[in-house]
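Visitor: What would the 3D arrangement of this be:
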Amino acid sequence: MTIPDEILEALSYEIARADLECDDNYRAYRLRDSHLRPEFMISQRKGCCGVFETSYVDNAGDKWIMACNYGH
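Guide: Predicted coordinates for the structure are as follows:
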């Protein structure tokens, strides 16, 4: 899955704000057209432990759902 750099940076920022440890399984999809949603769902099923999910509006005005797993 190729998540745009802007979205990865936003997710990294939110992970740091939430002070998560052992974060992995980064995933995101664009809400408007579900771009990357199938990959998001696959990654979600592979995750374990805690789940962190948030949203972000990119520079083009599109809303993204972003998530990761954390803790072990």
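
Visitor: Residue 27 contacts residue 8, correct?
Guide: No: taking Cβ atoms under 8 Å as the definition, residue 27 is not a contact partner of residue 8, at 10.5 Å. Every residue, glycine included, has its C-beta placed from N, CA and C.

Visitor: More neighbours: which of these two?
Guide: residue 27 (23 against 14; other Cβ atoms under 10 Å).

Visitor: Which helix or strand contains residue 65?
Guide: Per DSSP states H and E, residue 65 falls inside strand 63-70.

Visitor: what about the nearest residue to residue 7 once chain neighbours are set aside, which SS state?
Guide: Spatial nearest neighbour of residue 7, chain neighbours left out: residue 28 (4.9 Å); criterion: Cβ to Cβ, 6 or more residues apart in numbering. Secondary structure, DSSP: H, G, I helix; E, B strand; the rest coil: residue 28 is strand.

Visitor: you'd agree residue 28 is up against residue 64?
Guide: Yes: under the contact definition of Cβ under 8 Å, residue 28 touches residue 64, with a separation of 5.2 Å.
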